[in-house]
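1. got a predicted structure here, sequence first:
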Amino acid sequence: MALLEVNQLSIHFGGVKAVQNVSFSIDAGIVYAVIGPNGAGKTTLFNLITGIYTPTSGTITLDGESIGGKSPNELAQRGVARTFQNLQICMNMNAIENVMVGAHLRLDRNLFKAALRWPAIRARDQALRQEAAELMRFVGLQDYVQARADSMPYGALKRLEIARALAMKPRLIFLDEPAAGLNTRETQDVDALVRKVADSGITVVLVEHDMKLVMNLSDRILVLDYGKKLTEGTALEVRNNPDVIAAYLGAHA
């Protein structure tokens, strides 16, 4: 059984059919990319699967359990993490505190215990801080463990978001344009990090415009065009598909 299955998924905003009858499945442990021209419905598809939008029709299942229409926090409890195209960093916090936020579902949130600073609470906070520091090393941010988020370069902040998502201990992580706005070296760092995450056993689904990164990383690729599924396959199959070439370059190309 596939880890994630999407069947005939659609969403309409008034008369706009943003996603239309899209179906695909994702096996555990792979890197799965969603590509397509601007306005193809890629981020909308992410928003449907991760609980930000409720589908107009269709089904989404995770390990055989229906998750269509469930809220983002319910999905987080089921091991689904997400980063966004635009940075969602708490700039008034330290970098390590941003990562610790990602683990909030695994904390004891009893206000009475927290107010009295029970030893167990202090010990758990210390263990979580050490765990967050290790995640920062995992994503290559060991030099920023003590830094304020607002002092970090943009490329480092993109990896900080991934570290925060990993703090949830997800089994499935959605990365929305992780290389957007990065220079060549920073893109190479993200490329290596995504593969490292997948090699750790976490299934990665990404939307990305950098085709070199997509073709290098992806085990499977889904191509959308005007909200519809254009094709799906390996990097080689997608790269040589005439419909994909026409969608990106125009039929005359």
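-> Received it, and whenever you're ready, just let me know what you need.
2. alpha carbons only for contacts and neighbour counts from here, please
-> Noted.
3. quick check: buried residues in the helix or strand where Asp189 lies?
-> Asp189 belongs to helix 184-199 when elements are defined using DSSP states H and E. Buried residues in helix 184-199, defined by neighbour count with 16 or more other Cα atoms under 10 Å: Glu186, Thr187, Asp189, Val190, Asp191, Leu193, Val194, Arg195, Val197, Ala198.
4. excluding chain neighbours, what is closest to the second one?
-> In other words, Thr187. Distances taken as Cα to Cα, 6 or more residues apart in numbering put Ala179 closest to Thr187, at 5.5 Å, once the chain neighbours are dropped.
5. check contacts around that neighbour.
-> Lys158, Glu186, Thr187, Val190, Glu208, Asp210 (Cα atoms under 8 Å, 6 or more residues apart in numbering).
6. so the residue lying closest to the fourth one once chain neighbours are set aside, which state does it fall into?
-> Setting aside the residues directly before and after it, Val190 is nearest to Ala179 in space (Cα to Cα, 6+ apart), at 6.5 Å. With DSSP: H, G, I helix; E, B strand; the rest coil as the basis, the three-state label of Ala179 is coil.
7. one more: Ala18?
-> Three states are possible here, and by three-state DSSP the one that applies to Ala18 is strand.
8. so what's the residue count around Lys212?
-> Each residue near Lys212 was counted by other Cα atoms under 10 Å, and the total is 11.
9. go on, the one 10 residues further on?
-> For Leu222, the tally of surrounding residues (other Cα under 10 Å) stands at 23.
10. what pairs with it across the strands?
-> Each beta-bridge partner of Leu222 is listed here: Val34, Glu232, as defined by DSSP bridges.
11. re the thing from before, now the residue nearest to Val190: how far from Asp63?
-> Taking Cα to Cα, to the nearest Å as the measure, Ala179 and Asp63 are separated by 29 Å.
12. what of Ala163?
-> Between Ala163 and Asp63 the computed distance is 24 Å (Cα to Cα).
13. enumerate the positions of stretch 167-183 that are buried.
-> In terms of neighbour count (16+ other Cα under 10 Å), stretch 167-183 has its buried residues at 167-180, 182.
14. check the offset of that stretch from the chain's centre.
-> With Cα atoms, centre = their mean, to the nearest Å as the basis, stretch 167-183 stands 4 Å off its chain's centre.
15. end-to-end on it?
-> End-to-end distance of stretch 167-183 (Cα to Cα): 26 Å.
16. nothing else from me, thank you.
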